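A.B. asks: Coordinates only, no sequence provided:
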């Protein structure tokens, strides 16, 4: 039965996929179609007049200049962003996507251009204000005893409560793997909808990247919210954020990596990061 | 919500776990909406102009705006007002599933009331007069003569509404309810394959197949006068038709 449904699926998509199969010759003068989500400030978002703006919008322009290619930017909903890349709708994803092993099974990535820990945010007038798990950072790649205790403490504190997270993110994977059980995990299609529910009190906490929270908490949208607990990195959160590219386009990924390396070396990347995040979330040499 | 499979070991079982949501949301809102729609249709047909206008405004509002927008306004919109958060309604409006039931019910009430209104207007006036001549009061006339025929005539259109509502429940996946659509969307994004969406589509096909069969059966049961009698003899009024 599973084979049958796969067959049906393949048949229906055949026309769309057929155009995507062959790898292009990437080099100077190529046209690179880039997709972003446009709902994850300050990484990438839509301003009040409908233009895509943010850290990654400035970044891709800089990288394209360095690679000497023509770039176009399009918006794509987060959930379908990898399937549409594979279907050939565009050539690269620059959308705050963490480089994880799971994603590496289906696509490839450029080197990382930013890295930022995951942090919980709660209402500052609620019961979890000032919550601490005892330590400031948890590295999920190799968990020591203190870190294990911190995770257990988070799990215990939120037992019977609801934590919100954006669908299909490394944060959702982390919650399902390490926190879910007594804690209810609620998934949202965009981070912006999650923020509304956090403000409305429908979720007791929300988990997302610190680079997302920090600017939000500094303006009106984050009024009455605060970051609590440790910052989580590594493991399910992956190895930083990179540009997602089809496996057969390794040449394009290499071009991006080189350009990112240059942007790190001449300080452009950290300048852009400080400008958008308020702190240096850029990847280092 | 009940979980059909505690440890689903394939995509079919995983998506089947969303089935209770789809069925209860469609069933619940259709049932509530049906009774509200009868009331609304009667208000619409009442002799009082202001009441007619109110009913028409309601129908116009809910038929002419997208259901997705209504769901978002009720769930995310209302939750933004502190007055709502402090009101006695908040324990209900806080929960995504009550917001979903509310939005779906308000929507189906508008459509169904128009369907029922059509059915009521299609009952021949002569029958109402005949019932009056027999001395039937307004209540009895409605119960025995007008309503049964109105429902029968409205049934095909109502069957359509049932199918639409089953499909509309998929929109609640946008407000965090783990129905079949959201489970399929999650699986699709986790596996980068569109197979889960195909499986969800098959579930909707089966539900709607059963729903349409049920409506057809009901239609058959409610229309004995339109069939030839089992005895092979024709019914009296059919005799009349044939005699002419």
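C.D. replies: Received, thanks. This is a predicted model, so every value here is computed, not measured.

A.B. asks: Report the contact partners of the most centrally placed residue in chain B.
C.D. replies: The structure's chain B has its C-alpha centroid closest to residue B:30; by C-alpha atoms, centre = their mean the separation is 3.4 Å. Shown in contact with residue B:30 (C-beta atoms under 8 Å, 6 or more residues apart in numbering or on different chains): B:108, B:161, B:162, B:165. (Glycine included, C-beta is placed from N, CA and C.)

A.B. asks: So what's the gap between whichever helix or strand it is part of and the chain middle?
C.D. replies: Using DSSP states H and E, residue B:30 sits within helix B:19-44. What separates the centre of helix B:19-44 from the centre of its chain is 5 Å, taken as C-alpha atoms, centre = their mean, to the nearest Å.

A.B. asks: and the angle from the very next helix or strand once past that helix to helix B:19-44?
C.D. replies: Sequence-wise, the next helix or strand downstream of helix B:19-44 (DSSP H and E) is helix B:49-64. Per axes from the mean of the first three to the mean of the last three C-alpha atoms, to 10 degrees, the angle that helix B:49-64 makes with helix B:19-44 is 150 degrees.

A.B. asks: and residue B:125, how many neighbours?
C.D. replies: 8 (other C-beta atoms under 10 Å in any protein chain shown).

A.B. asks: no no, residue B:163
C.D. replies: The number of residues near residue B:163, taken as other C-beta under 10 Å, comes to 18.

A.B. asks: Go ahead and confirm it touches residue B:209.
C.D. replies: No. Taking C-beta atoms under 8 Å as the definition, residue B:163 is not a contact partner of residue B:209, at 9.7 Å.

A.B. asks: what's the weakest-modelled helix or strand in chain A?
C.D. replies: Least confident element among the helices and strands of chain A, by mean pLDDT, DSSP states H and E: helix A:2-18 (a mean of 52).

A.B. asks: Give the burial count for residue B:18, as a bare number.
C.D. replies: Neighbours of residue B:18 (other C-beta under 10 Å): 25.

A.B. asks: any idea how far chain B is from residue A:262?
C.D. replies: Residue A:262 is 31 Å from chain B, where distance means C-beta to the nearest C-beta, to the nearest Å.

A.B. asks: Looks to me like that residue is in a helix.
C.D. replies: Yes. Looking at residue A:262 with DSSP: H, G, I helix; E, B strand; the rest coil, it is inside a helix.

A.B. asks: Look at it and report its pLDDT.
C.D. replies: Looking at residue A:262, its pLDDT stands at 96.

A.B. asks: Enumerate the residues of chain B near chain A.
C.D. replies: Neighbours of chain A within chain B, by C-beta under 8 Å from any C-beta of the partner chain: B:10-12, B:76, B:79-80, B:85, B:94, B:96, B:174, B:176, B:182, B:185-186, B:188-190, B:192-195, B:198-199, B:202.

A.B. asks: among those residues, which ones are buried?
C.D. replies: B:11-12, B:76, B:79, B:85, B:94, B:96, B:174, B:176, B:182, B:185-186, B:188-190, B:192-195, B:198-199 (16 or more other C-beta atoms under 10 Å in any protein chain shown).

A.B. asks: Can you report how many residues lie near residue B:224?
C.D. replies: 11.

A.B. asks: and it, how far is that from residue B:152?
C.D. replies: Distance of residue B:224 to residue B:152, given as C-beta to C-beta, to the nearest Å: 10 Å.

A.B. asks: Let's see if you can find the most crowded of the contacts of residue B:30.
C.D. replies: residue B:108 (27 neighbours).

A.B. asks: How about it: what's its closest non-neighbour residue?
C.D. replies: Distances taken as C-beta to C-beta, 6 or more residues apart in numbering or on different chains place residue B:33 nearest to residue B:108, at 3.6 Å, with adjacent residues excluded.

A.B. asks: Count the residues that sit near the one you found.
C.D. replies: When neighbours are counted by other C-beta under 10 Å, residue B:33 comes out with 24.

A.B. asks: For the residue nearest to residue A:131 when sequence neighbours are not counted, give me its contacts.
C.D. replies: Excluding the flanking residues, the one nearest residue A:131 by C-beta to C-beta, 6+ apart is residue A:228, at 4.1 Å. Applying C-beta under 8 Å, 6+ apart to residue A:228 gives the contacts A:119, A:120, A:121, A:122, A:128, A:129, A:130, A:131, A:132, A:205.

A.B. asks: Same check on residue A:252?
C.D. replies: A:24, A:26, A:32, A:91, A:92, A:245.

A.B. asks: Rebuild those residues as TSV, extending it with neighbour count.
C.D. replies: Output for the contacts of residue A:252, formatted as TSV (neighbours: other C-beta atoms under 10 Å in any protein chain shown):
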residue	neighbour count
A:24	15
A:26	20
A:32	24
A:91	23
A:92	26
A:245	26
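
A.B. asks: could I get those residues as JSON lines with secondary structure?
C.D. replies: Formatted as JSON lines, the contacts of residue A:252 follow (three-state DSSP):
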{"residue": "A:24", "secondary structure": "coil"}
{"residue": "A:26", "secondary structure": "coil"}
{"residue": "A:32", "secondary structure": "strand"}
{"residue": "A:91", "secondary structure": "coil"}
{"residue": "A:92", "secondary structure": "strand"}
{"residue": "A:245", "secondary structure": "strand"}
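
A.B. asks: Save those as a markdown table, and put in distance to chain B and pLDDT too.
C.D. replies: Listed next are those as a markdown table, based on distance: C-beta to the nearest C-beta, whole Å; pLDDT from 0 to 100:
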| residue | distance to chain B | pLDDT |
| --- | --- | --- |
| A:24 | 21 | 74 |
| A:26 | 23 | 92 |
| A:32 | 21 | 96 |
| A:91 | 17 | 96 |
| A:92 | 16 | 97 |
| A:245 | 14 | 97 |
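
A.B. asks: which one of these is nearest residue A:276?
C.D. replies: Set against residue A:276, the nearest of those by C-beta to C-beta is residue A:92 (19.5 Å).

A.B. asks: Distance of that closest one relative to residue A:243?
C.D. replies: The value you get for residue A:92 to residue A:243, if C-beta to C-beta is used, is 5 Å.

A.B. asks: Kindly report the same for residue A:130.
C.D. replies: Here the criterion is C-beta to C-beta. By it, residue A:130 lies 38 Å from residue A:243.

A.B. asks: same thing with residue A:276?
C.D. replies: Distance from residue A:276 to residue A:243, by C-beta to C-beta: 17 Å.

A.B. asks: residues touching residue B:153, list them.
C.D. replies: B:118, B:119, B:122, B:123.

A.B. asks: Now with 7 Å, please.
C.D. replies: Contact analysis of residue B:153 by C-beta atoms under 7 Å, 6 or more residues apart in numbering or on different chains lists B:119, B:122.

A.B. asks: which SS state does it fall under?
C.D. replies: Going by three-state DSSP: residue B:153 is helix.
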